[in-house]
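Enquirer: Structure for this input, please:
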Amino acid sequence: RAQCHPVSANTHTRTPALAAVAMDCGDVVEMPTGGKATPGNSAQVLLHMAGSLGDAETQIRGLRSLQMMLEFGPSQQLALCSAGAPKAVVAAMAAHGQDAALQCHAAVVLASLAQGNKETQAVVLAVGPVEPLVAAMRACLGGGAARAEELHASCAVALAALCEGFPEGGEQICRTGGAEAVIEAMRLQTADGLVHERGAEFLAVLAAACRSPSPASGSVLSGRLAAEAVEAVAAGMSSYAEDADVQIAGCWALRELVLTGGEAILELDPGTWADAIVNAMRRHPAKSAVLERACQATAVAAKLGDNPRSQLLGLGAAELASRALQLACKRDRKGGMRVGCDSLASLGLSADEGSEEVAPELLEGGAVEAVLQAMRTQPQSTALQESGLTALASLGRGPAGRGAIRQAGGLEVVQEAHRFGLASSAALLRALEPEASAEAAPLPAPPPRNETRA
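Expert: Numbering: from 1, shown residues only. Next comes the predicted model:
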């Protein structure tokens, strides 16, 4: 996350009574024993900020002091919110709207106050921080402003903290133009991918928040805005293709936006964003975090319909997802194995439920072998075995798919899953066993599920 400039490590204990004097001398206010916020020292900082609202340097020193206090954990969030810190930060932003340095510091403090705590999120939102954050971003959209890139990234972090797991925050941000401001900032050409990374993370968090039972936020993000967000994310991934962090954030955002945007996403050319997902895997073949996020995005995107699925397959998603799954097996990454199986299962779907045709790209790209390797690697993981069985069922719809599974030794793997009581193995096992054998001996019911499996 974008951070304030580090404070001096050469600190020492001061009493709260000296806080105002320290700020007058140009220093960051240092905390008493333990560095934690107390009614004494936090009040001194906030009173001094209120008394010198027109002095930007005083406000910056106060913001840096608040950020130091917030570095000592969640209890400090509650203490500072109770003391009125959110209101002081918003007041500083309103009084110095053209000071990019101050706006950066303020955005970071707002993010720290709200992050991961619904109680403090509500307190911060109540003082109206979204409007000044959006105004600060828009003031620098013309380019040329010093620290514009840092400011945009910091504001995106703050907006994300205000709506993470908090639909009310998502609604307020959508109503106030926060999403549009971040998208506009992402469209600017910047020296590196920081704005795109932070912007994509914000869009992912916002999209997830807007999927909560909240009609107001969902309707705002499900149309034009979701489509514009997808285009901005895909463009950023293309511009910063070698930046793994941008790819991770971008794939995360695409997954969440596709889940939230629904029909609006189908109106876009799927080649644009499908290419971004596939290229992330192609350019970062050894980065597990990139591959896993890309597999998650692929699994969701492929379920949109035959057109997006065909685009992904044509771009090589099947082979790349299979390689990602094999790498997860090699590194014993259980989560990576699951998302790899999920992506191959989605790529093997068809709009025609009765179809027995499996895309040749899946069989030729090593999908069957990769899924079986994952199931053999983690035989005691019920969740992974279920994901693997789902993938095999998708890949084994037709004679060619079932033949590929049998040839790769899949029958034994499915039989083993059946012995452990996985009910989803029964239908697949019937399809894989030779017809004569199936007629001669009906398949026994699976035993009770072993609850000790991981």
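Enquirer: And P285, its phi and psi?
Expert: phi -70, psi -10 (degrees, to the nearest 10).
Enquirer: Please report the distance of it from E319.
Expert: Separation of P285 from E319 (Cβ to Cβ, to the nearest Å): 11 Å. (Each C-beta comes from the backbone N, C-alpha and C, glycine too.)
Enquirer: More neighbours: the two, which one.
Expert: E319 (20 against 12; other Cβ atoms under 10 Å).
Enquirer: Neighbours of the residue nearest to the more buried one when sequence neighbours are not counted, how many?
Expert: Once flanking residues are discounted, E319 sits nearest to G365: 3.4 Å by Cβ to Cβ, 6 or more residues apart in numbering. The number of residues packed near G365 is 22, by other Cβ under 10 Å.
Enquirer: Can you give me the pLDDT of G365?
Expert: Listed pLDDT for G365 reads 92.
Enquirer: do M69 as well
Expert: Note on M69: pLDDT of 90.
Enquirer: Find the centremost residue of the protein, please.
Expert: Centroid-nearest residue in the chain, with Cα atoms, centre = their mean: W252, separated by 4.3 Å.
Enquirer: For the helix or strand hosting that residue, name the packing helices and strands.
Expert: Assignment of secondary structure by DSSP states H and E places W252 within helix 244-261. Applying 3 or more Cβ pairs under 8 Å, 6 or more residues apart in numbering; DSSP states H and E, we find helix 244-261 packed against helix 194-209, helix 215-221, helix 224-239, helix 270-283, helix 288-301.
Enquirer: same thing but at 10 Å, please
Expert: Using 3 or more Cβ pairs under 10 Å, 6 or more residues apart in numbering; DSSP states H and E, the elements in contact with helix 244-261 are helix 194-209, helix 215-221, helix 224-239, helix 263-266, helix 270-283, helix 288-301.
Enquirer: For the chain, give me the ranges with low pLDDT.
Expert: Applying pLDDT under 70 to the chain flags residues 1-40, 143-146, 212-222, 262-263, 351-356, 434-454.
Enquirer: The residue nearest to E319 reaches R323, doesn't it?
Expert: Yes - G365 lies in contact with R323 (Cβ atoms under 10 Å); the separation is 8.5 Å.
Enquirer: quick one on the thing from earlier: tell me how far the residue nearest to E319 lies from A204.
Expert: Taking Cβ to Cβ, one finds G365 at 28 Å from A204.
Enquirer: How about G403?
Expert: Distance of G403 to A204, computed by Cβ to Cβ: 40 Å.
Enquirer: Let me see the ranges of the helices in the stretch 351-454 of the chain.
Expert: Assigned by DSSP state H, counting those that start in this stretch, the stretch 351-454 of the chain shows helices spanning 360-364, 367-377, 382-395, 399-407, 410-419, 425-432, 435-440.
Enquirer: closest one to A92 among the ones you listed?
Expert: Nearest to A92 among these is helix 382-395; the distance by Cβ to Cβ comes to 48.1 Å.
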